[in-house]
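*Asks:* Structure of the sequence below:
(one chain, ligands or ions: 1)
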Amino acid sequence: MKEVEFLIVGQGLAGTMLAFELLERNISFRLVSSTQKSKASVVAAGMINPLVFKRLTKSWMADQLMPVMRKRYRELEQKLSSSFFYEKKILKPLSEQETLLWNEKMEKPDFATYIEAVLPDSPSDAVAESYAFGMVKESGYVNLAVFLSLAEQYFREKDLLLDVDFQLNEEVHTYFEVADTKAQKIVFCEGYHLAQNTLFRFVKMNPAKGEVLQIYAPGLSEEFILNKRVFVLPVGNHRFKVGSTYEWDDLSEKTTEKGRDSIVERLENLVTAKYSIEEHWAGVRPTVSDRRPLLGVHPQHKNVFSFNGLGTKGVMLAPWFARLMADYLQGKSNTLPAEVDLNRFV
Ligand SMILES: Cc1cc2nc3c(=O)[nH]c(=O)nc-3n(C[C@H](O)[C@H](O)[C@H](O)COP(=O)(O)OP(=O)(O)OC[C@H]3O[C@@H](n4cnc5c(N)ncnc54)[C@H](O)[C@@H]3O)c2cc1C
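*Replies:* Model (predicted):
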């Protein structure tokens, strides 16, 4: 029997980022990954947008998250000898009223970091007419399918990955056993599947299903991510991810005609180029009722932890909060910010 300090349950974005943190700190662990349970991370478009367009505000903690995020994905690209982090500007068609707001905000030093320009004409091909166009910088995307598949291979080669659907016994013991491994502590990074984990019934999860299309559109510029009610994100070879939808009642993980039609309708209001649909995916976001991450130790079981709740913006949040969580697990810090501590639900 091999003995390690931690089991990390789930090799989505949360579990993967945490595993890299523990590895770099020489803390022993095994990643436990289910081949039967779905992974939101591989469905996600992986978009990074430091702004919230509705009222043109900054995304939560954007100023702190952005530099840490950029540095971390670059480091991991080097570690895995590949590219999966792409900086790309976002082009947002604006109404007359929005244009006033964008021009006003652009003057503020606080927003100048993220708003590059407000343009009278679209610099991108085949975009529907609009009053003006806002251009966002510091944005981009992470190809999560590539990143997570490389990370899986990396951990597998180091013998740190177990293909097991972890089942929790009714009782929590002083240790956890899976395959040939025994661990003192466990961190659940189960994504929205945490809602089925009996130990975490007290947490108010509010999972949100989402659907995404991949289209082939050779007439559409690949230089920008387009975003107005729907994102059109270039992923190379004239392919674009287009999405997404939000659905709270049907968490079936199945693609639907309704989802597809809703994306198509918004897409056709945004672009004039011809396209064909090549792929259609559905996944469930691990969203929490107050839309904040879910970190920390179980209120009764001091060897049970959660790193979850990455919600709709996992790509931006994961690097910062994986580091915070690792500091906490390592005992470098004894408390977590109240707004992300899972004990806020106790
Ligand atoms: C349609 C859609 C679009 C999105 N677009 C974006 C976007 O553009 N930008 C962005 O930042 N975020 C986006 N997201 C959100 C992003 O996907 C999530 O924030 C992030 O991927 C969550 O990662 P996670 O590791 O918590 O969960 P997951 O990726 O779901 O991973 C959980 C893992 O745990 C495993 N697991 C669960 N239970 C067990 C068990 N008992 N034993 C073993 N393994 C287990 C599962 O198999 C899975 O591999 C989107 C999500 C969806 C669904």
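*Asks:* Next one: the closest residue to H238 other than its chain neighbours from R239, what distance?
*Replies:* Excluding the flanking residues, the one nearest H238 by CB to CB, 6 or more residues apart in numbering is P218, at 4.5 Å. Every residue, glycine included, has its C-beta placed from N, CA and C. The gap separating P218 from R239 is 10 Å, by CB to CB, to the nearest Å.
*Asks:* And for F200?
*Replies:* The gap separating F200 from R239 is 37 Å, by CB to CB.
*Asks:* Same check on K204?
*Replies:* Relative to R239, and taking CB to CB, K204 is found at 37 Å.
*Asks:* Of these two, give the one with the bigger neighbour count.
*Replies:* Neighbours were counted for K204 and for R239 using other CB atoms under 10 Å; R239 has more, 16 against 12.
*Asks:* Just read off the phi/psi values of L233.
*Replies:* phi -110, psi 120 (degrees, to the nearest 10).
*Asks:* tally of neighbours for the residue lying closest to V230 once chain neighbours are set aside?
*Replies:* Nearest residue to V230, sequence neighbours excluded (CB to CB, 6+ apart): R266, at 3.8 Å. By other CB under 10 Å, 17 other residues sit near R266.
*Asks:* where does R266 land in three-state SS?
*Replies:* With DSSP: H, G, I helix; E, B strand; the rest coil as the basis, R266 sits in helix.
*Asks:* Might you report the residue contacts of it?
*Replies:* K228, R229, V230 (CB atoms under 8 Å, 6 or more residues apart in numbering).
*Asks:* ok, the last one - contacts?
*Replies:* Which is V230. V230 neighbours (CB under 8 Å, 6+ apart): V242, G243, S244, I263, R266, L267, L270.
*Asks:* on that earlier part again, need the contacts of R266 in JSON lines with distance to M325, can you?
*Replies:* Below are those laid out as JSON lines (distance: CB to CB, whole Å):
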{"residue": "K228", "distance to M325": "35"}
{"residue": "R229", "distance to M325": "34"}
{"residue": "V230", "distance to M325": "33"}
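*Asks:* ok, these vs E171, which is closest?
*Replies:* For the contacts of R266, the minimum distance to E171 (CB to CB) is 47.4 Å, reached by V230.
*Asks:* Now narrow the contacts of V230 to whatever sits close to the ligand.
*Replies:* Near the ligand, judged by CB under 6 Å from any ligand atom, the entries from the contacts of V230 are G243, S244.
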